[in-house]
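1. Following is a predicted model, sequence given first.
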Amino acid sequence: MRTEAVKLRHLADSHAATVALRELRGRDELALEGVDTRAAVALLARLLDECAYDALALAASDRDALLAAVHRQCWGDRIVSTLTCSACATRFDLSFELSVVQRHLAANDGVWRSDGARVVDDEGRAFEVPIARDELDAAELAPRAAVALLATRAGAGGDDERAAAALEAAAPIVDLDLAARCVDCGHEQLAHFDLQSFVLQRLLNERAALLSEIHLLACAYSWSLREILGLARSTRRALVATIVQSRGRAAPLQRATPR
């Protein structure tokens, strides 16, 4: 099973292309080592293994579109996050539809438009959209040098603010502050949401559950670790649910058996 089809809008060799990622397998989940850009690129590279696209050549906005598709396949479109009110310390949930946020960001292009690997305004001024390879190169540098490198590769020509505004408008990423209102006292505060970190952290948070599923399948079917890690996520979870349900039905009979 593959994810929904995702249009990649900022490829260097074409204006747009559509891809669908293969489903996560246990080995993909187990290989995840963080929530930064390097970890996101590594995960997407694994899921793009049957496509002719280099994860290092993807712009951040295209990576976000792919990670959003991964989230919808694994958990659905709704995002739910628990916050603590800064006024009364009550915990409350912030929830929203990921697709709604994506549509909102896509609608804020203003005078800028996407033209493959560039964003262009109505006067023809263009900037290159940085790709993951640029971001990883910049991450090795001190903050000022990193900004300078990205500005140079974007072709800012000293107009860094205009370049940043162009990229934010025509190649937006899902990294923003959302208004959240406490249900208890009504206080409103800003909640930061970064899609990349959220999706990767959610997978990392499931690591203990993944190991339990591996153990259960190994005990039930005597499969090797390699075989289990090769299962698609949905298949693995369906098998685990079947085992748990089957054991639940058998339990009363076992308890009723005289010793």
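-> Arrived safely, thanks for sending.

2. lowest average confidence, helix or strand, in this protein?
-> The helix or strand of the chain with the lowest confidence, counting by mean pLDDT, DSSP states H and E, is helix 233-256 at a mean of 78.

3. right, and the helix or strand after whichever strand or helix holds Leu30?
-> Following DSSP states H and E, one finds Leu30 within helix 26-31. Elements were assigned by DSSP H and E; along the chain past helix 26-31, the next helix or strand is helix 37-47.

4. ok so, going back, what separates the least confident helix or strand of the chain from the chain centre, distance-wise?
-> Centroid displacement of helix 233-256 relative to its chain, using C-alpha atoms, centre = their mean, to the nearest Å, is 31 Å.

5. which other residues reach that helix?
-> By C-beta atoms under 8 Å, 6 or more residues apart in numbering, the surrounding residues in contact with helix 233-256 are 1, 23-26, 29, 74, 213, 216-217, 220, 228, 231. From N, CA and C alone the C-beta is placed, and that goes for glycine too.

6. now stretch 181-200
-> Identification of contacts with stretch 181-200 by C-beta under 8 Å, 6+ apart yields 32, 34-35, 37, 39-40, 43, 63-64, 67-68, 70-71, 79, 81, 83, 85-88, 90, 92, 94, 98, 101, 173-180.

7. In helices, which of those residues appear?
-> Thr37, Ala39, Ala40, Leu43, Arg63, Asp64, Leu67, Ala68, Val70, His71, Leu98, Val101 (DSSP state H).

8. will you turn the residues you listed into TSV that also has pLDDT and neighbour count?
-> Output for the ones in helices among the contacts of stretch 181-200, formatted as TSV (pLDDT from 0 to 100; neighbours: other C-beta atoms under 10 Å):
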residue	pLDDT	neighbour count
Thr37	96	16
Ala39	98	18
Ala40	98	26
Leu43	98	27
Arg63	97	24
Asp64	98	24
Leu67	98	25
Ala68	98	23
Val70	98	23
His71	98	20
Leu98	97	22
Val101	95	18
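
9. Which single one of those residues is nearest to Arg202?
-> Distance to Arg202, by C-beta to C-beta, is smallest for His71 among the ones in helices among the contacts of stretch 181-200, at 7.6 Å.

10. Can you give me the first-to-last residue distance of stretch 112-120?
-> End-to-end distance for stretch 112-120: 5 Å, by C-alpha to C-alpha, to the nearest Å.

11. coming back round to it: which of the contacts of helix 233-256 sits closest to Glu168?
-> Glu168 has its nearest neighbour among the contacts of helix 233-256 in Cys74, at 27.9 Å by C-beta to C-beta.
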